[in-house]
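A.B. asks: What would the 3D arrangement of this be:
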Amino acid sequence: MSDLKQKLAGLTPEQLAKLKSQLATKKPVESNGKPLDFTIFFFSADGTSDGGDKYDMLFRCAEFGDRHGYKAIWMPERHFTPFGGLYPNPSVLAAALAVKTSRIELRAGSVALPLHNPIRVAEEWAVVDNLSKGRVALSFASGWHKTDFALRPEAYEDRRMLMGPSLDMVQRLWRGEKVSVPGVDGEPVDIISYPRPVQPALRFWLTCASPTGWEKAGEMGANVLCMLGSSISKLEQQIAVYRQARAKAGHAPADGIVSVMLHTYVDNDSKRAKDKVRGPMKQYLEDYIQQYNVLVDESIKQDVAANKDAFLEFAFERYFEQASLLGPQDKCQALLNTLADIGVNEIACLVDFGVSTEDVLQSLALLKEMDDRRRIQPAAVTEPATVE
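C.D. replies: I've put the predicted structure just below:
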């Protein structure tokens, strides 16, 4: 018997009643008041469905976020896999959302830049910027999956080196500068891209995982999109590296935005929340791991397969308890306070991991309620966001 059980067993009925009363009136976890924006993140929806409403969740979440003050909505770039297969081109989806919304920012999370001609990236997203009246922002990544590079196989080996020049070209074209590029027979051609975007400069993020990525983002003056990673302390170290690199390169250290992706399903019934997300989260984790089969040898794949159930259960418990916005508001608020304390500016709420659309919208309403409580004056009265 644990120490806690021994102590509980030794309490009188009166003491137990008093303890239960104290627990029932436990003060909820309050926000630490530090600024923290919320965005909605899409990444993993199954692309194999034959139904005609594949994008219903995306559109309804975008419209909900637009009405209720969510900062942005992110759309990924995914290729040749059911996992995330709804999103081969974020600019197409952003163009559709541009005419359905009026306030929420439309972001790519992320454009795999070496897969594309940067001229086309500048042109396509300038169209979206016009359709949305200046609400575009992009995160860029180098890409990593070999199969994705069926689109541009010659770029795979040099994909990281291509990032800098390609991103520079996108920015220059966005600003309206003339760029010289090789034309037919190698003859240089001077181009200016059209249409001209609404925003004079492109707001951009780098999708970062490695320490060198964080440092590079700081040097370039980029914002950062990332996952929580292995630990909060490690994330804190990476943020410090990023801020230092910004300062060293002459960028205001505090101006860079750090956006952290977290699986999100807020439900104040902890058991119900855990039961509801367990299956979808374990399937998400299994599908996510399978993407890396191209990077490991056969013995590792066999070892993972042999211990799959135990591994997925362990990973799920870790995600639910320590690394997500899954569960009650108090639990989620505690993690948000910690992330705000270490310098995170935004939460990218990943919602399309298998929970129903209606449940996702209810979750976003509860999260908005938490945000409202942080933003209002103590004497004011907040009405919870409702799902429309």
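A.B. asks: where do the strands sit along the stretch 151-300 of the chain?
C.D. replies: 179-182, 188-191, 204-207, 223-227, 258-266 (DSSP state E, counting those that start in this stretch).
A.B. asks: could you redo these as CSV and give each row distance to F320, mean neighbour count and mean pLDDT?
C.D. replies: From N, CA and C alone the C-beta is placed, and that goes for glycine too. Shown next, in CSV, are the strands of the stretch 151-300 of the chain (distance: least, C-beta to C-beta, whole Å; neighbours: other C-beta atoms under 10 Å; pLDDT from 0 to 100):
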stretch, distance to F320, mean neighbour count, mean pLDDT
strand 179-182, 48, 12, 96
strand 188-191, 51, 10, 96
strand 204-207, 24, 24, 98
strand 223-227, 16, 23, 97
strand 258-266, 9, 24, 98
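A.B. asks: Including distance to H68, could the ones you listed go into a markdown table?
C.D. replies: Listed next are the strands of the stretch 151-300 of the chain as a markdown table, based on distance: least, C-beta to C-beta, whole Å:
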| stretch | distance to H68 |
| --- | --- |
| strand 179-182 | 40 |
| strand 188-191 | 41 |
| strand 204-207 | 23 |
| strand 223-227 | 22 |
| strand 258-266 | 14 |
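A.B. asks: show me the biggest helix of the protein in terms of residues.
C.D. replies: The residue-count maximum for a helix in the chain (DSSP state H) belongs to helix 270-290.
A.B. asks: got a list of contacts for it?
C.D. replies: Residues outside helix 270-290 that contact it (C-beta atoms under 8 Å, 6 or more residues apart in numbering) are 44, 82-83, 263, 265-267, 304, 308, 312-313, 315-316, 319-320, 326-328, 331, 353-355, 359.
A.B. asks: Show me which of these are buried.
C.D. replies: Buried members of those, counted by 16 or more other C-beta atoms under 10 Å: 44, 83, 263, 265-267, 304, 312, 315-316, 319-320, 326-328, 331, 353-355, 359.
A.B. asks: So, low pLDDT: which residues of the stretch 1-150 of the chain?
C.D. replies: 1-27 (pLDDT under 70).
A.B. asks: repeat for the stretch 151-300 of the chain
C.D. replies: Residues of the stretch 151-300 of the chain meeting the criterion pLDDT under 70: 288-300.
A.B. asks: The spatially closest residue to A112 that is not a sequence neighbour and L86, how far apart?
C.D. replies: Counting by C-beta to C-beta, 6 or more residues apart in numbering, G143 is the residue found nearest to A112 once chain neighbours are left out, at 3.8 Å. Using C-beta to C-beta, to the nearest Å, we find G143 at a distance of 18 Å from L86.
A.B. asks: S231 - how many residues pack around it?
C.D. replies: For S231, the count of nearby residues is 11 (other C-beta atoms under 10 Å).
A.B. asks: Please tell me how far it sits from I342.
C.D. replies: In terms of C-beta to C-beta, S231 sits 11 Å off from I342.
A.B. asks: closest one to P197 among the strands of the stretch 151-300 of the chain?
C.D. replies: strand 204-207 (12.7 Å; C-beta to C-beta).
A.B. asks: Tell me the buried residues in the longest helix of the chain?
C.D. replies: In helix 270-290, counting by 16+ other C-beta under 10 Å, buried: 273-274, 276-278, 280-285, 287, 289.
A.B. asks: Please convert those residues to TSV, extending it with distance to K71.
C.D. replies: Formatted as TSV, the buried residues of helix 270-290 follow (distance: C-beta to C-beta, whole Å):
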residue	distance to K71
A273	24
K274	28
K276	26
V277	24
R278	29
P280	25
M281	25
K282	30
Q283	29
Y284	24
L285	27
D287	28
I289	30
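A.B. asks: In contact with E77, which residues?
C.D. replies: Residues near E77 by C-beta under 8 Å, 6+ apart: Y87, P88, N89, P90, A108, S110, V111, A112, L115.
A.B. asks: let's see 10 Å
C.D. replies: By C-beta atoms under 10 Å, 6 or more residues apart in numbering, the contact set of E77 is 84, 87-91, 108-113, 115-116, 139, 141, 143, 148.
A.B. asks: just to revisit the earlier point, quick check: neighbours shared by S231 and I342?
C.D. replies: Q237.
A.B. asks: Off-centre distance for the strand or helix carrying R374?
C.D. replies: Using DSSP states H and E, R374 falls within helix 357-375. Averaging C-alpha positions (C-alpha atoms, centre = their mean, to the nearest Å) puts helix 357-375 17 Å from its chain's average.
A.B. asks: angle of it against helix 270-290?
C.D. replies: Helix 357-375 and helix 270-290 are oriented at 110 degrees to each other (axes from the mean of the first three to the mean of the last three C-alpha atoms, to 10 degrees).
A.B. asks: elements contacting helix 357-375?
C.D. replies: Contacts defined by 3 or more C-beta pairs under 10 Å, 6 or more residues apart in numbering; DSSP states H and E place helix 357-375 against strand 37-41, helix 56-67, strand 258-266, helix 270-290, strand 325-327, helix 329-341, strand 346-350.
A.B. asks: List the buried residues of it.
C.D. replies: 357, 359-374.
A.B. asks: could you give the angle of it to helix 329-341?
C.D. replies: Computed by the same axes, to 10 degrees, the angle between helix 357-375 and helix 329-341 is 60 degrees.
A.B. asks: could you give the mean pLDDT of helix 357-375?
C.D. replies: In this model, helix 357-375 carries a mean pLDDT of 94.
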